[in-house]
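K.L.:
structure for the following, please:
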Amino acid sequence: MFYYIDKLFFFLLYNPAAENTVVGNMMVFITNWSSYSFAATYLIVIAFLLLQRSRKLIPVIFAPALTIVIVQTIRFFYLRPRPFITLEVDSLIYHAANGSLPSMHAASAFVIATAIWFIDKRIGKYVLILASMTAISRVMVGVHFPFDIILGAMLGVLLSIGVFRGTKSFVGYY
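P.N.:
This next block holds a predicted model:
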């Protein structure tokens, strides 16, 4: 039952991009350039926190690192094939046929966006919107199922919150 719901929502998102060149190209652009945008944003935040000598640097570095370890651990124990393998659709971008659950892009985008939200809520809400666009684009280009994205986003948000709250008691930032 769950697979069929995930498949239904996959096609609701994938079909508009696969059938409309403008939408497809826009999703390819978002999915390709969001990684660079998040990397640049992340490095700027680290530089900003270093210059301020802020203790928030600790969770900003630790949360994404922990996210990568957890996503890779889940993928090691559970290999979910990507939609372009199981549904035999053409993905709009090249991607290796490795595991798709949870989405590393969604987890990374949301852990960084949530960390930025902890630093500056005004900027953080815009980065969370960009993270959402990134996540949706991954389904629309055919490399993830919606549940891959949801789990990745939830992991990113929850790990960022947990690390920020957990380290606050140790390093005492406000």
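K.L.:
let me see the ranges of the strands in the chain.
P.N.:
With DSSP state E, there are no strands along the chain.
K.L.:
and the helices in it?
P.N.:
For the chain, helices defined by DSSP state H occupy the ranges 2-19, 21-52, 57-77, 83-86, 104-119, 121-140, 146-171.
K.L.:
tell me how far the longest one is from the chain's mean position?
P.N.:
Here helix 21-52 shows a centroid-to-chain-centroid distance of 11 Å under the convention Cα atoms, centre = their mean, to the nearest Å.
K.L.:
that one to helix 57-77, inter-axis angle?
P.N.:
Interaxial angle, helix 21-52 versus helix 57-77 (axes from the mean of the first three to the mean of the last three Cα atoms, to 10 degrees): 140 degrees.
K.L.:
quick one: average pLDDT of helix 21-52?
P.N.:
For helix 21-52, the mean per-residue pLDDT is 95.
K.L.:
ok, now which ones touch the spatially most central residue of the chain?
P.N.:
Centroid-nearest residue in the chain, with Cα atoms, centre = their mean: Ala106, separated by 1.5 Å. For Ala106, the contact set (Cβ atoms under 8 Å, 6 or more residues apart in numbering) comprises Ala131, Thr134, Ala135, Arg138, His144, Asp148, Ile149, Ile150, Leu151, Gly152, Ala153, Gly156. Glycine gets a C-beta too; all of them are placed from N, C-alpha and C.
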